[in-house]
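# how would this look folded up:
(chains A, B, C and D)
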2 protein chains.
Amino acid sequence: MLTSQRKRLILDLLARDGQVVAKQLSHQLELSEDTIRRDLRELAAEGLLLRVHGGAMPVSPTVVPIAERRTISTDAKSALGKAGADLIHDGMTVVFDGGTSNLEIIRHLPVAARFTAITHSPTIAVALEDRPNVDAVIIGGKLFRHSMVAVGALAAEAISRIRADLFFLGVTGVHPTEGLTTGDMEEAAIKRQLMACSAETAVLATNDKLGAVSPFQIGGLGDIATLIVESNAADERIVALAGSGVSILRAG
Amino acid sequence: MLTSQRKRLILDLLARDGQVVAKQLSHQLELSEDTIRRDLRELAAEGLLLRVHGGAMPVSPTVVPIAERRTISTDAKSALGKAGADLIHDGMTVVFDGGTSNLEIIRHLPVAARFTAITHSPTIAVALEDRPNVDAVIIGGKLFRHSMVAVGALAAEAISRIRADLFFLGVTGVHPTEGLTTGDMEEAAIKRQLMACSAETAVLATNDKLGAVSPFQIGGLGDIATLIVESNAADERIVALAGSGVSILRAG
DNA sequence: CCAGATATTGCACGAATCTGCACGAAATTA
DNA sequence: TAATTTCGTGCAGATTCGTGCAATATCTGG
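Below is the predicted model of the structure:
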């Protein structure tokens, strides 16, 4: 490994994580701590990072961790995630469907949150890695790549044994008469089952989903308790959805 | 080989890999290091690359996506991954344990690889996202955060119905007399079960694992068919492991 | 075709750089 | 305060670098 390449890598890691630890780096890169320390010292001399005991920090307070930017997280979606996270209270058992909206909920969970999370999405499971107080349960099954969730008989059987307080359902369409829809039949079946095993279901809907319809129906609007929409969602869309018994929440 | 042709090749390699190493180049192009160094010097003078000790870097910060560097992949671990991937053939059913070594196998799979992958690690599952020809099956269960794998009764039951051709076992210790060990009891049990349901088991062991012992035993050396070690693994370590019936493969 | 000019390549050798280790100093933690 | 961890410096071995030089190949003009 080239020295300059290593230095660049250190800066990347620093930007991503907001900090680096000399000992960890030496282990990860399989080099002596001396070499790492030397690098950190030199980078600090160039003003590219701030040397601290044990490692280094960015020169300017981390803007936004790059890891969280991996999927484009618009302000709107972020607000939806925050509103969703607010529905979760300690002690609850919450099921998370796949999708970027639900991923946003995880990101907005307070680190101290203490509840049980159930998901059939490996992506969600990975996001739960740094929430030490959350009991996470993964539902297995055949991986459906398009949405990155487990489906099929294995998943169905695992779900049949679950009773949850809240289910965050992911959909591709929310329509006044066609209800909640998605693009895959098998996925729709799993979603229905997850709804059935949960006391309540909530849906996060970005503006592009309001009024949209996909091939396979998951259920009617009346089947969910809460629909969270963007703060600037068109009024006529909202009015069209009212009266179906669902409580509509504007995020942000 | 023409000089200008060679220079263009160097720039291409640089663009592709994000770095070039003088020594490697001289070997690949079958020229003396002096010639390569001269080329690099001249290209640097033209401002086409950035000369650094040992090789060269692109003038503009690497375009290689940072996301792929989530776990740092050292040369040694990369070679192990390649060797592991070579054990997989089309049509097989392969079980992947968690861990960065096994993740490295996924990264080295040819995109055309066509087989069935089974895993209880959401991290591995996520890595399989862009292998469209791989049938992926997730084993559910309680998420054990330290290793990011599913464990517990749910996982055990799902595994009991599986029959696989090959299992890539992750361990933290490979010892001549203590055998294969790991740091968590429940995890060890799951690993044992995965071994039992697979026709063959393979282990990727970085140098730091050879001779190491962790609290909980998974099995003896005789229980696995293949042990893949680094190319520079200490001979005395290897000799100590021989005679247990395991076939030892040096990677790279 | 030939002779001289020019360019390219490999080698030698001293200089510079990089890396890991040892040891005492400083900072951190209990 | 005492124990542990981390830091910084000096040093030695190894690698890489740059320059000068000679040998060979290629080009150019007559």
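# quick one, domains of chain A?
Using automatic domain parsing, the domain parsing of chain A gives A:3-58, A:66-250.
# Give the residue spans of the stretch 101-250 of chain A that score low on pLDDT.
Along the stretch 101-250 of chain A, the model assigns pLDDT under 70 to no residue.
# how much space between A:His27 and A:Val21?
9 Å (C-beta to C-beta, to the nearest Å). All C-beta atoms are positioned from the backbone trio N, CA, C, and that covers glycine.
# Just name the most buried of the domains of chain A.
domain A:66-250 (a mean of 19; mean count of other C-beta atoms under 10 Å in any protein chain shown).
# Does that domain reach chain B?
Yes. Counting by C-beta under 8 Å from any C-beta of the partner chain, chain B has neighbours in domain A:66-250: A:66-67, A:70, A:120, A:122-123, A:125-126, A:128-129, A:132, A:135-143, A:145, A:148, A:150, A:154-155, A:158.
# How about residues contacting the host helix or strand of A:Ala117?
A:Ala117 belongs to strand A:116-119 when elements are defined using DSSP states H and E. When contacts are defined by C-beta atoms under 8 Å, 6 or more residues apart in numbering or on different chains, strand A:116-119 is touched by residues A:92-98, A:124-125, A:128, A:131, A:134-139, A:162, A:164.
# just the residues you listed that are near DNA strand C?
Here nothing survives when those are matched to DNA strand C using C-beta under 7 Å from any atom of the strand.
# Next step: these restricted to strands.
Judged by DSSP state E, the contacts of strand A:116-119 include A:Thr93, A:Val94, A:Val95, A:Phe96, A:Asp135, A:Ala136, A:Val137, A:Ile138, A:Ala164 as members of strands.
# any idea how far the residue lying closest to A:Asp165 once chain neighbours are set aside is from chain B?
Among residues not flanking A:Asp165 along the chain, A:Met92 sits closest, at 4.6 Å (C-beta to C-beta, 6 or more residues apart in numbering or on different chains). Distance of A:Met92 to chain B, computed by C-beta to the nearest C-beta, to the nearest Å: 17 Å.
# cool, A:Arg192 as well?
The gap separating A:Arg192 from chain B is 19 Å, by C-beta to the nearest C-beta.
# just A:Ile105 next, same as before
17 Å.
# Am I right that that residue is in contact with A:Ala79?
No. Contact criterion C-beta atoms under 8 Å: A:Ile105 and A:Ala79 do not qualify, at 11.4 Å.
# Is the residue nearest in space to the middle of chain A part of a helix or strand, or is it coil?
Note on chain A: the residue nearest the mean C-alpha position is A:Leu103, at 1.3 Å, using C-alpha atoms, centre = their mean. With DSSP: H, G, I helix; E, B strand; the rest coil as the basis, A:Leu103 sits in helix.
# ok, for it, nearest residue in space, not its chain neighbours?
The spatial neighbour of A:Leu103 that comes closest, neighbours along the chain excluded (C-beta to C-beta, 6+ apart), is A:Ala127 at 5.8 Å.
# so who does the one you found touch?
A:Leu103, A:Ile106, A:Arg107.
# Quick one: classify A:Ala15 as helix, strand or coil.
Once three-state DSSP is applied, A:Ala15 turns out helix.
# Report the separation between it and chain B.
Taking C-beta to the nearest C-beta, one finds A:Ala15 at 8 Å from chain B.
# State which strand of chain A is the longest.
In chain A, with assignment by DSSP E, the single longest strand is strand A:198-205.
# List the strands paired with the very next helix or strand once past that strand, with their directions.
Beyond strand A:198-205 on the C-terminal side, the first helix or strand identified by DSSP H and E is strand A:216-219. Sheet pairing for strand A:216-219, assigned by DSSP bridges, gives strand A:179-182 (antiparallel).
# Kindly export the strand it pairs with (C-alpha atoms) in CSV.
The C-alpha coordinates for strand A:179-182 follow below in CSV (Å, rounded to 0.1, in the frame of the first residue of the first chain):
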residue,chain,number,x,y,z
GLY,A,179,-55.8,1.8,-1.8
LEU,A,180,-52.3,0.7,-1.0
THR,A,181,-50.4,-1.0,-3.9
THR,A,182,-47.0,-2.3,-4.7
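# Give me the contact list for it.
A:169-175, A:188, A:191, A:203, A:212-221, A:223-224.
# again, but for stretch A:219-236
A:76, A:79-80, A:83-84, A:87, A:169, A:174, A:176, A:179-180, A:192, A:195, A:200-207, A:210, A:238, A:241, A:244-252.
# Spell out which residues of the stretch 51-200 of chain A are next to DNA strand D.
Counting by C-beta under 7 Å from any atom of the strand, the residues of the stretch 51-200 of chain A near DNA strand D are A:Arg51, A:Val52, A:His53, A:Gly54, A:Gly55.
# Output those in JSON lines, with distance to A:Ile36, secondary structure and pLDDT appended to each entry.
Shown next, in JSON lines, are those (distance: C-beta to C-beta, whole Å; DSSP: H, G, I helix; E, B strand; the rest coil; pLDDT from 0 to 100):
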{"residue": "A:Arg51", "distance to A:Ile36": "12", "secondary structure": "strand", "pLDDT": "90"}
{"residue": "A:Val52", "distance to A:Ile36": "14", "secondary structure": "strand", "pLDDT": "91"}
{"residue": "A:His53", "distance to A:Ile36": "14", "secondary structure": "coil", "pLDDT": "91"}
{"residue": "A:Gly54", "distance to A:Ile36": "11", "secondary structure": "coil", "pLDDT": "90"}
{"residue": "A:Gly55", "distance to A:Ile36": "9", "secondary structure": "strand", "pLDDT": "90"}
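# Return the closest of those with respect to DNA strand C.
A:His53 (4.2 Å; C-beta to the nearest atom of the strand).
# ok, whichever residue of the stretch 101-250 of chain A sits closest to DNA strand C - contacts?
Nearest residue of the stretch 101-250 of chain A to DNA strand C: A:Pro132, at 18.4 Å (C-beta to the nearest atom of the strand). Counting by C-beta under 8 Å, 6+ apart, A:Pro132 makes contact with A:Val111, B:Arg145.
# I figured A:Leu48 hits A:Arg8, correct?
No. Look at A:Leu48 against A:Arg8 with C-beta under 8 Å: they stay out of range, at 9.9 Å.
# so A:Ala242 touches A:Ile248, yeah?
Yes. Between A:Ala242 and A:Ile248 there is a contact under C-beta under 8 Å: 6.9 Å.
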